[in-house]
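> structure for this input, please:
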Amino acid sequence: MKLHTFMTSPDLCGNEFTAPSWASWRIVARLFDGDSALLTAAEMELAKALTGRQTFPTTAPPQLFIGAGRRSGKTRFASMFAVWAQKRTLITSLQ
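The predicted structure is shown next:
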């Protein structure tokens, strides 16, 4: 399951990350998934502003580094990311 899907699933994360204030983090999740092609034009412009890049990878990167200020939601995002990563690792090990 991709990070963006996990993050926006009502069954897994409720509505925690669906508010407009989480738009930037949802874009980060799309970029981490390698799904920049799924961004809207407005989201793509925000992604370019956030990253300083004009093009984006089409596959998931091996690492994610985020510079975020105080009260930006990074602890909640990191917690959700950790649960997603553990779920992904567990499923992979069971296959």
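
> helices along this structure, start to end?
For the chain, the helices defined by DSSP state H occupy 3-8, 10-13, 23-33, 41-51, 74-94.

> and the contacts of the fourth one?
Around helix 41-51, the neighbours that count as contacts under Cβ atoms under 8 Å, 6 or more residues apart in numbering are A23, S24, I27, V28, R30, L31, S36, L39, R53, Q54, F56. Every C-beta, even on glycine, is put in place using the N, C-alpha and C of the backbone.

> check the closest residue in space to T58 that isn't next to it in sequence and give its pLDDT.
Once flanking residues are discounted, T58 sits nearest to G34: 5.3 Å by Cβ to Cβ, 6 or more residues apart in numbering. With respect to pLDDT, G34 scores 94.

> ok, G34 - contacts?
G34 sits in contact with P57, T58, T59, A60, P61, where contact means Cβ under 8 Å, 6+ apart.

> now for these: which two are most distant?
T58 and P61 (10.8 Å; Cβ to Cβ).

> hmm, back to that, can the helices of the chain go into CSV with extra columns for mean neighbour count?
Below are the helices of the chain laid out as CSV (neighbours: other Cβ atoms under 10 Å):
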stretch, mean neighbour count
helix 3-8, 20
helix 10-13, 12
helix 23-33, 20
helix 41-51, 13
helix 74-94, 13
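
> distance to A68 for the ones you listed - can I get that in CSV?
Converted to CSV, the helices of the chain look like this (distance: least, Cβ to Cβ, whole Å):
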stretch, distance to A68
helix 3-8, 16
helix 10-13, 19
helix 23-33, 9
helix 41-51, 10
helix 74-94, 4
